[in-house]
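Participant: After the sequence you'll find the predicted model.
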Amino acid sequence: MKRRIHIVWSLLFSAVLLANAVLATFVGVIHIPADVLWQSFLHKFGLAADTTVPAFYEITLWQLRLPRIVMSLLAGASLAICGCVFQSIFRNPICDPYILGISSGASLGAAIAIIIGWDAFVFGITLPALATAILTLLLIMGIARLRGRHSTQTLLLTGIALNFFISAVITLLMVLNQKEMHQIFFWTMGSVATVSWQEIACLLPVMIIVILLLYWHAKDLNILQLGTETAQSLGVDARRVTYITLIASSVLIAVVVSFCGVIGFIGLIVPHIARLIFGSDNRHLFTYSLFFGAFFLLIADTLARTIAAPSELPVGSITALAGAPYFIFLLLRKH
């Protein structure tokens, strides 16, 4: 019975997500009429032999608007499930890849790649972002374990401190490299305005592999919430599961950051809300976090490109406006 309920919820959320994605295609500086959208889709998929859709509508729809909508869905879902993993492992609702500095670590690699000129190559930004994201994760966990077993509070404070340090380093890099300042600033604020279908094609397989890996370890992550000793007694290799899931999450975060920049607080807000509504079983929580994260970033990006039109706001600023007060609220609840 419970399984049927979760299937119904999943189908409902899929329909809502698809409907909002379709509505988002109409919204923007250039309004695309419904009949033009329908004709363009029919022609694109070979269902209509001829089309009278103007060229600027075709360019706006297929090269600008649809790629950023699809990337918003994928990036939001990716950041949400990664936040869910971090909160599950550290057993704390205020743990988040953005707050712990993993996203900032990835943006540091992206900034260095831009300065060196690697952004002109395939995966020229992705690989440095991946390397610095994993190094940041290992550094945080290493510092937190210097005095024995680390606590969540120590881990959180270490991550916040490294976050400040990395942000300072990125600021210095921008000051010392004036030509690349604007492009580096793009990564620090977050945006999906310039994404392409090629970048989506790169993100999608990584996302699928990481999500399948996380679902494979969902039951082990449930057991880890009972404590390391309890998990070990139940036959779960806590250290192995922790490192596999954290590194896999960091890989996904690094790929998202390399394409979209730093978009914060999705991994904080979304899993916490999903957990309050549907419980803490990761086998279901992962699914709802994917839906909620995709929906959250889709709405944030739609607001970012409409509320100040024809200008555009960084989507990271929209998510921060929602996430920062929520983070303070959680801190007050946790004393």
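Facilitator: Now that the structure is in, tell me what you want to look at. Numbering: from 1, shown residues only.
Participant: Local confidence estimate at residue 320?
Facilitator: Looking at residue 320, its pLDDT is 86.
Participant: what helix or strand is it on?
Facilitator: helix 315-333 (DSSP states H and E).
Participant: who are the neighbours of that helix, in terms of helices and strands?
Facilitator: Contacts defined by 3 or more Cβ pairs under 8 Å, 6 or more residues apart in numbering; DSSP states H and E place helix 315-333 against helix 181-189, helix 266-278, helix 282-304. Yep, even glycine has a C-beta here, placed from its N, CA and C like the rest.
Participant: 7 Å instead, please
Facilitator: For helix 315-333, the elements it packs on are helix 266-278, helix 282-304, judged by 3 or more Cβ pairs under 7 Å, 6 or more residues apart in numbering; DSSP states H and E.
Participant: The longest one - what's its average pLDDT?
Facilitator: What that stands for is helix 282-304. 93.
Participant: Nearest residue to the middle of the protein?
Facilitator: residue 79 (2.5 Å; Cα atoms, centre = their mean).
Participant: can you tell me the helix or strand for that residue?
Facilitator: If you go by DSSP H and E, residue 79 is part of helix 66-90.
Participant: quick one: buried residues of the next helix or strand after that helix?
Facilitator: Where DSSP H and E defines the elements, the next helix or strand beyond helix 66-90 is helix 102-116. By neighbour count on 16 or more other Cβ atoms under 10 Å, the buried set for helix 102-116 is 102-115.
Participant: got the angle between helix 102-116 and helix 66-90?
Facilitator: Here helix 102-116 runs at an angle of 130 degrees relative to helix 66-90 (axes from the mean of the first three to the mean of the last three Cα atoms, to 10 degrees).
Participant: and helix 102-116, what other elements does it pack with?
Facilitator: Helix 102-116 packs on helix 126-144, helix 152-176, helix 181-189, helix 238-260, going by 3+ Cβ pairs under 7 Å, 6+ apart.
Participant: Just tell me which of those helices ends up closest to residue 43.
Facilitator: helix 238-260 (28.2 Å; Cβ to Cβ).
Participant: which residues touch the closest residue to residue 128 other than its chain neighbours?
Facilitator: Distance criterion Cβ to Cβ, 6 or more residues apart in numbering; nearest residue to residue 128, sequence neighbours excluded, is residue 109 at 3.6 Å. By Cβ atoms under 7 Å, 6 or more residues apart in numbering, residue 109 lies in contact with 128, 129, 131, 132, 133.
Participant: which of the residues you listed lies closest to residue 178?
Facilitator: Among the contacts of residue 109, and counting by Cβ to Cβ, the member closest to residue 178 is residue 128, at 20.8 Å.
Participant: Let me see the contact set for that closest one.
Facilitator: Residue 128 neighbours (Cβ under 7 Å, 6+ apart): 109, 110, 112, 113, 118.
Participant: With residue 307 instead?
Facilitator: Residue 307 neighbours (Cβ under 7 Å, 6+ apart): residue 313.
Participant: On the three-state scheme, it is what?
Facilitator: Classification of residue 307 by DSSP: H, G, I helix; E, B strand; the rest coil places it in coil.
Participant: Just the pLDDT at it, thanks.
Facilitator: pLDDT, read off for residue 307, is 88.
Participant: can you check residue 215 too?
Facilitator: Residue 215 is given a pLDDT of 94.
Participant: just residue 122 next, same as before
Facilitator: For residue 122, the predicted pLDDT is 65.
Participant: can you redo the buried residues of helix 102-116 as TSV with distance to residue 229?
Facilitator: Formatted as TSV, these follow (distance: Cβ to Cβ, whole Å):
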residue	distance to residue 229
102	27
103	31
104	33
105	30
106	33
107	36
108	36
109	36
110	39
111	41
112	41
113	42
114	45
115	46
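Participant: Tell me the one of those nearest residue 213?
Facilitator: Using Cβ to Cβ, the buried residues of helix 102-116 come closest to residue 213 at residue 102, 17.0 Å.
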